[in-house]
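[1] build me a model:
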Amino acid sequence: MQIDESRVIAVGIAAWSIALVVLVAFHKRLAHHHRTWWIWTALAAIGLGMWGWWLVRRRIAARHTGRDPDKPA
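    Numbering: from 1, shown residues only. Here you go, the predicted structure:
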């Protein structure tokens, strides 16, 4: 099955971004229940998603140019 990995990652980043906005909106309630780490979880997921997206885009570009993405240019 052929899928566009970068699109899947972009959807995941968008979902975590929405979750981050919702969590920030409820910051006081989260702080009351000692759950502010949820905000950091969303930020970490966005950051890892961006890194993964960059890696996938680099691999796709390398595939189109016919070079190995793991070797320096």
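
[2] what helix or strand is His64 on?
    Per DSSP states H and E: His64 is located in helix 37-65.

[3] quick check, distance from that helix to the centre of its chain.
    For helix 37-65, the separation from the chain centroid amounts to 5 Å (computed by C-alpha atoms, centre = their mean, to the nearest Å).

[4] pull out the buried residues from it.
    Of the residues in helix 37-65, 38-39, 42, 45-46, 49, 52-53, 56 count as buried by neighbour count, 16 or more other C-beta atoms under 10 Å. Quick note: C-beta positions are derived from backbone N, CA and C, even for glycine.

[5] ok, Gly52 - contacts?
    Ile9 (C-beta atoms under 8 Å, 6 or more residues apart in numbering).

[6] what's the pLDDT at it?
    Listed pLDDT for Gly52 reads 96.

[7] against His64, how distant is the residue lying closest to Ile13 once chain neighbours are set aside?
    Spatial nearest neighbour of Ile13, chain neighbours left out: Gly49 (4.1 Å); criterion: C-beta to C-beta, 6 or more residues apart in numbering. Gly49 sits 23 Å away from His64, taking C-beta to C-beta, to the nearest Å as the criterion.

[8] hmm, back to that, right, and the residue nearest to Ile13 touches Gly12 too?
    Yes. Counting by C-beta atoms under 8 Å, Gly49 touches Gly12, with 5.4 Å between them.
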